[in-house]
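Chemist: just a sequence and a predicted model for now, questions to come.
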Amino acid sequence: MTNERGFSLAELLVVVAVLALILTGVIALQQQGQIAYLMGSNRVETQQNARVAIALMTREIREACSLAANLTPGPPGDIKITVVDPTKASTVDCSSAAAGDVIQVEYKLGTGSLSATLLRLFANVGSALPAPTDCTGANAQYCVIGGVDSLTFAGYDMNNATPTNAAGTTCATAVVCSVTISIKTKSEESLATYAPGNVRAWLDSRVRLRNI
């Protein structure tokens, strides 16, 4: 005769308990994996954005033809310079007086809906700089990166002291010779403070003004 006794209630409870433990472990591992992925991907995003912004600003400030202020430490997060139009850099230099060869550029954080966006505003010397309210259409050319928490610039003279005069034609005491750039970035997504993907990246750069 075949044995059709089946499982007892105690045996079923033991099996259910073991399966519950296994599933709990699997779910915990999956959650930890998702958290690690979010943190890693957002960290890469924030660091890459910071590097792109620092590289662009460093290159352009280094090649600046003039600087609009003395940039004492702790200024607002903006800088105004004049530079050779990048499309003409191989054929003209800062001495060119032809219209459009040298342009004015301002790096700053936007306001309103662009408050976390690094803007690169540019126009011909003597013309008003644009004031974009979004990053769509023609305004996209003025938006560098999003997710910027803070941006500061500071100027230093040849003795690493605070300059008291605006940049001149040569590096000297009390005249700007170099500029430090500090930027803090975060994910461009809107995340809660406690969210695992809410990471930050800080990058600093110091650049010597080559043409001043």
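Modeler: Received it, and whenever you're ready, just let me know what you need. This structure is a prediction, so every number in the text was calculated from the model and none was measured. Numbering: from 1, shown residues only.

Chemist: secondary structure class of the residue nearest the centre of the chain, three-state.
Modeler: Within the chain, one residue has its C-alpha closest to the average C-alpha position: by Cα atoms, centre = their mean, that is A50, at 3.6 Å. Classification of A50 using DSSP: H, G, I helix; E, B strand; the rest coil returns helix.

Chemist: now do L119
Modeler: Applying three-state DSSP: L119 is strand.

Chemist: I figured it hits V144, correct?
Modeler: Yes. Using Cβ atoms under 8 Å, L119 makes contact with V144 at a distance of 6.8 Å. Backbone N, C-alpha and C define where each C-beta goes, glycine included.

Chemist: what about I22, is that helix, strand or coil?
Modeler: Under three-state DSSP, the three-state class of I22 is helix.

Chemist: what's around it, how many residues?
Modeler: Residues within reach of I22, counting by other Cβ atoms under 10 Å, total 10.

Chemist: now swap in K186 and tell me
Modeler: Residue crowding around K186 was assessed by other Cβ under 10 Å; the count is 22.

Chemist: same question for the one 4 residues further on.
Modeler: Per other Cβ under 10 Å, the neighbour tally for S190 reads 9.

Chemist: ok but it is inside a helix, no?
Modeler: No. Checked against three-state DSSP, S190 lies outside a helix; its state is coil.

Chemist: quick one: it from K184, how far?
Modeler: Distance, S190 to K184, using Cβ to Cβ, to the nearest Å: 17 Å.

Chemist: overlap in contacts, L119 and V144.
Modeler: When Cβ atoms under 8 Å, 6 or more residues apart in numbering defines a contact, the residues bordering L119 and V144 alike are Y107.

Chemist: mind listing the strands for this protein?
Modeler: Here the chain has its strands, by DSSP state E, at 66-67, 78-84, 102-109, 118-124, 143-145, 148-156, 178-186, 200-208.

Chemist: of these, which shows the lowest average pLDDT?
Modeler: With a mean of 86, strand 66-67 has the lowest mean pLDDT of these.

Chemist: flag the shaky bits of this protein, pLDDT-wise.
Modeler: Scanning the chain for pLDDT under 70 picks out 1-7, 72-76, 167-169, 191-194, 197.

Chemist: ok so, going back, neighbour-wise, which of L119 and V144 wins?
Modeler: Per other Cβ under 10 Å, whichever of L119 and V144 has more neighbours is L119, with 24 against 17.

Chemist: ok, A64 touching T82?
Modeler: Yes. With contact defined as Cβ under 8 Å, A64 counts as touching T82 (6.7 Å).

Chemist: so for those two, which residue has more residues nearby?
Modeler: Ranked by neighbour count (other Cβ under 10 Å), A64 and T82 place A64 first, with 23 against 16.
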